[in-house]
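**Student:** just need the structure, nothing else, for what follows:
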Amino acid sequence: MASGGWRAILLVNQKRACEAAACPPLTNTTSHLGGSNHQNDYTVDFSRLTVMIAFQLLCQTLSGSGGDVTVLTFPARKYLACPTRLALLALIAATFLGASTPALAQEAASKTFLDLTFGTVNSYLAAVLFFDVIPGKGEMPFIVAWLIIGALFLTLRMGFVNLRFMRHAFQILTGKYNNKEAPGEVTPFQALSTALSATVGLGNIAGVAIAIMIGGPGATFWMIIAGFLGMSSKFTEVTLAQMYREIRPDGRIMGGAMEYLSRGFAERGMAGLGMVLASLFAVLTILACLGGGNAFQVSQAMGAVQGEIPFFKDYPIVFGLIMAFLVGIVIIGGIRRIAHTAEAIVPLMVFIYLSASLWIIISHIDLVPMALTKIVVEAFSPVAVTGGIIGVIVQGFKRAAFSSEAGIGSAAIAHSAAQVKYPVRQGLVALYEPFIDTIVICTMTALVIIITGVYNAPEHAALIEAKKGAALTAQAFGSVISWFPIILSISVVLFAYSTMIAWSYYGERCWTFLFGEKFSLIFKVMFLVFVVLASVTSPAALLDFADLALLSMAFPNFIALYLLSGKVKAALDDYTAKLKAGEFDQPGS
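**Tutor:** Reported below is the predicted structural model:
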């Protein structure tokens with residue numbers, strides 16, 4: 001890498017980059033970067049400059065070209081008027097450029113640098129929000145305790161809404177109360193599908209396996225408890241997102257925790273604090289989007305696919321490029337295209353995965369009582385688990401939070417776009433998110449892993465050490481029927497893909513909240529670049545980063561849930577009274 005630190009990452013050999021992208025001739029002008037004069041530079045708007053920097057970063061990763069040279073930019077109007085095509089061209093050109101290099105010579109160096117970067121960010125986040133709150137044996141991070149106490153409080157505050165309204169929520173979900181006149185961009189089912197596409201992902205496959213690796217079978221029990229309590233958290237944050245959403249002049253909706261933090265606090269005379277917390281949430285969401293909603297998904301999916309397609313073991317960055325292209329063609333279209341894609345993918349991927357899981361469970365039905373006993377007994381008397389019962393609880397709640405995202409505030413962004421007449425109505429639909437994701441799918445994954453015994457098998461020690469949860473789950477499937485890992489690999493890729501397209505929307509909305517709509521493209525390009533970079537980063541570093549960034553979102557989010565829970569409770573009571581009075585039996589109600 002050339003001298004100049006960060007500049008060396010963004011700058012590549014001008015001649016080679018121009019040839020790869022078939023640039024039009026550049027005229028001689030002068031710019032100043034880092035105190036040095038650089039020639040042949042065009043001035044373009046910020047979005048297109050960012051696209052080109054993304055292109056150059058990919059070239060640097062693929063080719064290892066160095067040299068303290070110029071930032072390459074295009075005379076945009078003469079070259080490509082459409083920044084979308086320019087972004088996709090960057091990925092395609094980088095692919096061809098990488099094909100001409102000898103076996104990606106600098107991949108190992110790039111991996112070391114990225115691991116170091118993630119490790120640095122992890123250390124800062126851990127110091128601020130993950131300090132131990134329980135003295136003595138065991139470790140309970142502050143943010144995990146924050147989630148547990150908050151979810152329990154909301155369950156009691158809302159009168160066990162997670163039990164009382166499941167039937168009515170199903171009626172809303174199936175379209176009984178659809179109202180096309182209501183403001184919004186997508187139907188309640190599409191909003192739920194989008195949110196589920198973000199949550200029903202590798203948290204259900206890789207996350208459960210990792211929880212059992214670290215916390216033993218007992219971690220499953222606490223995942224189920226976390227999922228049950230998290231239903232109340234999800235109801236509250238989604239209802240608030242509907243209450244405080246903003247419908248912009250172009251018809252696009254801005255909603256989520258950043259909106260109810262800023263506007264809800266302003267109603268109470270705390271506008272300054274609300275904006276600070278909203279901005280903090282937006283920044284943490286962007287970090288979580290690039291980590292857990294992007295890089296972690298790519299890394300774990302690639303780990304599962306590499307077992308079936310050895311080519312990707314030698315050329316992992318090719319997998320990253322393929323995923324980046326597939327994600328790019330969807331996320332450019334915004335929430336409507338994401339929702340339509342999720343609506344098609346989510347039922348299919350859940351059906352495939354649950355069918356395979358049920359086959360394994362039914363074929364080992366005699367072992368199910370033993371597995372259930374282990375889950376319950378080791379929840380309170382863990383065997384060889386660091387931190388004892390506290391360690392098991394922490395693992396259960398951490399993995400449940402990563403899986404269902406209840407209390408995190410992310411899914412509220414998707415639900416805020418739903419067409420509903422009453423905010424409470426979409427909150428009730430959201431109850432099914434943790435239920436399907438954690439209580440049903442995660443439990444079935446755990447049963448498969450425990451029944452097959454792969455979580456403590458010596459022959460899988462390398463996978464356990466590397467925290468390759470998806471690969472370990474694939475081994476569990478393969479131990480029953482040899483071709484089942486192929487089914488799982490398809491499921492893993494679908495899960496990762498759907499999670500990434502949904503999280504790209506979460507991150508893009510938060511980026512837009514901070515910087516405005518006109519800079520939306522910048523985030524989308526950055527998101528695609530991270531897809532590629534994730535293919536050359538270690539799973540362990542990404543797992544820690546994903547956990548830290550995602551769980552950190554709960555800190556500002558739950559402050560709003562505590563402060564505004566009274567307004568949600570009042571809206572729920574009013575809605576309940578109307579439901580009992582039969583007011584919703586009329587058309588359009």
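**Student:** so residue 264 sits against residue 560, correct?
**Tutor:** Yes: Residue 264 lies in contact with residue 560 (CB atoms under 8 Å); the separation is 6.0 Å. All C-beta atoms are positioned from the backbone trio N, CA, C, and that covers glycine.
**Student:** residues shared between the contacts of these two?
**Tutor:** residue 240 (CB atoms under 8 Å, 6 or more residues apart in numbering).
**Student:** what sits against the closest residue to residue 531 other than its chain neighbours?
**Tutor:** Of all residues beyond its chain neighbours, the one nearest residue 531 is residue 324 (4.0 Å), with distances taken as CB to CB, 6 or more residues apart in numbering. Residue 324 makes contacts with 91, 528, 529, 531, 532, as judged by CB under 8 Å, 6+ apart.
**Student:** what's the helix or strand for residue 324?
**Tutor:** With elements taken from DSSP states H and E, the one containing residue 324 is helix 316-331.
**Student:** what is whichever strand or helix holds residue 296 packed up against?
**Tutor:** Assessed by DSSP H and E, residue 296 sits inside helix 296-306. Judged by 3 or more CB pairs under 8 Å, 6 or more residues apart in numbering; DSSP states H and E, helix 296-306 is in contact with helix 202, helix 311-314, helix 316-331, helix 469-478, helix 484-515, helix 520-534, helix 539-552.
**Student:** quick revisit: which one's more surrounded, residue 264 and residue 560?
**Tutor:** Using other CB atoms under 10 Å as the criterion, residue 264 and residue 560 rank with residue 560 on top: 26 against 20.
**Student:** quick check: residue 265 touching residue 281?
**Tutor:** No: at 11.8 Å, residue 265 does not count as touching residue 281 under the criterion of CB under 8 Å.
**Student:** so these two - more neighbours on which side?
**Tutor:** Counted by other CB under 10 Å, residue 265 and residue 281 do not tie: residue 281 has more neighbours, with 30 against 22.
**Student:** so how far is residue 323 from that one?
**Tutor:** Going from residue 281 to residue 323 by CB to CB, to the nearest Å gives 27 Å.
**Student:** please apply the same query to residue 450.
**Tutor:** Counting by CB to CB, the gap from residue 450 to residue 323 is 31 Å.
**Student:** got it, and residue 253?
**Tutor:** Residue 253 is 28 Å from residue 323, where distance means CB to CB.
**Student:** try residue 176
**Tutor:** Counting by CB to CB, the gap from residue 176 to residue 323 is 38 Å.
**Student:** for residue 158, same thing?
**Tutor:** Residue 158 is 39 Å from residue 323, where distance means CB to CB.
**Student:** now swap in residue 216 and tell me
**Tutor:** Shown here: residue 216 relative to residue 323, a distance of 33 Å by CB to CB.
**Student:** and residue 171, by the same measure?
**Tutor:** According to CB to CB, residue 171 and residue 323 sit 37 Å apart.
**Student:** likewise for residue 528?
**Tutor:** 9 Å.
**Student:** who has more neighbours out of these two?
**Tutor:** Neighbours were counted for residue 528 and for residue 323 using other CB under 10 Å; residue 528 has more, 29 against 24.
**Student:** just checking, the more buried one touches residue 326?
**Tutor:** No: look at residue 528 against residue 326 with CB under 8 Å: they stay out of range, at 10.3 Å.
**Student:** in the helix or strand residue 375 falls within, what's buried?
**Tutor:** Secondary structure assignment for residue 375, by DSSP H and E: helix 368-380. Buried residues in helix 368-380, defined by neighbour count with 16 or more other CB atoms under 10 Å: 371, 372, 374, 375, 378, 379.
**Student:** for that helix, packing partners?
**Tutor:** Secondary elements touching helix 368-380 (3+ CB pairs under 8 Å, 6+ apart): helix 218-243, helix 388-404, helix 443-452.
**Student:** which parts of stretch 144-163 are buried?
**Tutor:** Buried residues in stretch 144-163, defined by neighbour count with 16+ other CB under 10 Å: 144-148, 150-151, 153-155, 157-158, 161-162.
**Student:** so what's the gap between it and the chain middle?
**Tutor:** Relative to its chain's centre, stretch 144-163 lies at 23 Å (CA atoms, centre = their mean, to the nearest Å).
**Student:** before we move on, what about stretch 223-236?
**Tutor:** The mean C-alpha position of stretch 223-236 is separated from the chain mean by 18 Å, CA atoms, centre = their mean.
**Student:** returning to that earlier point: from residue 312, how far out is the residue nearest to residue 531?
**Tutor:** For residue 324 relative to residue 312 (CB to CB), the value is 14 Å.
**Student:** of the contacts of residue 324, which is the nearest to residue 227?
**Tutor:** Proximity of the contacts of residue 324 to residue 227, judged by CB to CB, is greatest for residue 531, which lies at 28.6 Å.
**Student:** for the closest one, which residues are in contact?
**Tutor:** 294, 295, 298, 320, 323, 324, 327, 500 are the contacts of residue 531 under CB under 8 Å, 6+ apart.
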